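**Q** need the 3D shape of this:
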Amino acid sequence: MSQIKKIAILRALQLGDLICLIPAVRALKKAYPRATITLIGLPGQKGFATRFRHYFDHFVEFPGWPGLPEQKPVLSRVTRFLTDAQLQQYDLVLQLQGNGTHTNELCELLGGKRTAGLRLEGAYCPDEQLFPVMTESEHEILRLLKVVHALGVPLQGTALEFPVTTSEYAAADKIMQRLHLTAGQYVCLHPGARDCRRRWSPANFAAIGDTLAAAGYQILVTGSKEEQSLTKAVADQMRYRAIDLVASIGHTGIGELAVLIRGAAALLSNDTGVSHVAAALQTPSVVVFSHFSDPDRWAPLDASLHLTIPAAQSHDLGVVLAAMEKVLQRPLAANKTAAHVVQEQPIV
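**A** Model prediction:
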């Protein structure tokens, strides 16, 4: 494996999934510092590879593949995609998309000298030693590192990363000045999630927001422009003033949002990409899970800084409030406005 000069990684998934990939890529780059690493990802994720340019050298847009749910395959581009990949003559192709259903065969077709990845027990793979068995109960970061370990590559820890540019810091600083935000004195509430089934009720976010506001925190409700109805719903249902980032600023880039999260006293969110950003930036957080997201797989690994609310307890605002008290390291009991708010429906 010492002659590896070209590596391709298939991970055509969303932001949070990509952030969880970084510990594996960090280990590969340390082991093969002169190798070029190509990320094969979803359309629109080239910016992620650029952000992590210290790890990724190239980005290839994935055209999709039959059976994969993340995108509808563009069949007219699949043949060209395979041909171009085979011409690259990769030394190592890594299937880090998922459990290998459909994708292990796909990665073999990319024509690498060696292929490695994850697989289910009893499923096909070209080399059992390079395709460790995964289970659904494993944490996402740790299961990806199993592939790295199978290659004989020393691990470089499980910490996440999210680099931010100087221009993004400058833009975020202007936003903070415009909104009169003071670092460490505001809490971010993020009610959105790509999968609507993972969204906690805006009324619940608003109830916790009121308690935090009563304790003296500024409340910043964050989200994308597509989530404007959610951020507005939270702000509108709060009795205290909240700052709706989308309504106040409009579109905010992920880098600027990361800086805002970094400056927050804490983040309260659903199981979505920003929870991994907070973990990478070591911002204390509470993550509310639904029956459609698995905390064993997706919860931040540092349980001392990030607390998770399982779906079975998501209806109990007292549990969420206690978690917020713990990550903020201060009592909020004297200001428990949430205690007498009618609790909205739990996530189902």
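**Q** how far away is the closest residue to residue 313 other than its chain neighbours from residue 312?
**A** Nearest non-adjacent residue to residue 313, counting by CB to CB, 6 or more residues apart in numbering: residue 319, 4.7 Å away. (C-beta placed from N, C-alpha, C; glycine too.) Computed as CB to CB, to the nearest Å, the residue 319 to residue 312 distance reads 10 Å.
**Q** what's the answer for residue 82, then?
**A** Distance of residue 82 to residue 312, given as CB to CB: 45 Å.
**Q** of the two, who's got more company?
**A** Higher neighbour count among residue 82 and residue 312: residue 82, with 15 against 12, using other CB atoms under 10 Å.
**Q** so which helix or strand takes in that one?
**A** For residue 82, the host element (DSSP states H and E) is helix 75-88.
**Q** could I get the contacting residues of the spatially closest residue to residue 224 that is not a sequence neighbour?
**A** Once flanking residues are discounted, residue 224 sits nearest to residue 192: 6.6 Å by CB to CB, 6+ apart. Residue 192 sits next to 199, 223-224, 226-227, 230-231, 270, 272 when contact means CB atoms under 8 Å, 6 or more residues apart in numbering.
**Q** just the residues you listed: which are in strands?
**A** The subset of the contacts of residue 192 located in strands under the criterion DSSP state E comprises residue 270.
**Q** for PyMOL, write the select line for the buried members of the contacts of residue 192.
**A** In PyMOL, a selection of the buried entries from the contacts of residue 192 looks like this (16 or more other CB atoms under 10 Å):
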select buried, resi 199+223+224+227+230+231+270+272
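**Q** ranges for the strands of this protein?
**A** Counting by DSSP E, one finds strands in the chain at the ranges 6-10, 36-41, 58-61, 92-95, 114-117, 186-190, 218-221, 243-244, 266-270, 285-288, 306-309.
**Q** mind putting those into CSV with distance to residue 136 and mean pLDDT?
**A** As requested, these are exported to CSV (distance: least, CB to CB, whole Å; pLDDT from 0 to 100):
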stretch, distance to residue 136, mean pLDDT
strand 6-10, 20, 98
strand 36-41, 23, 98
strand 58-61, 29, 98
strand 92-95, 17, 98
strand 114-117, 16, 97
strand 186-190, 26, 98
strand 218-221, 33, 98
strand 243-244, 37, 98
strand 266-270, 20, 98
strand 285-288, 19, 98
strand 306-309, 17, 98
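**Q** can you list the low-confidence ranges for the chain?
**A** Along the chain, the model assigns pLDDT under 70 to residues 1-2, 333-348.
**Q** and the lengthiest helix in it, which residues are buried?
**A** Counting by DSSP state H, the longest helix found in the chain is helix 15-31. For helix 15-31, a neighbour-count test (16+ other CB under 10 Å) marks 15-29, 31 as buried.
**Q** rewinding a little: would you check that the residue nearest to residue 313 makes contact with residue 311?
**A** No. Here residue 319 does not reach residue 311: they are 11.7 Å apart, not a contact under CB atoms under 8 Å.
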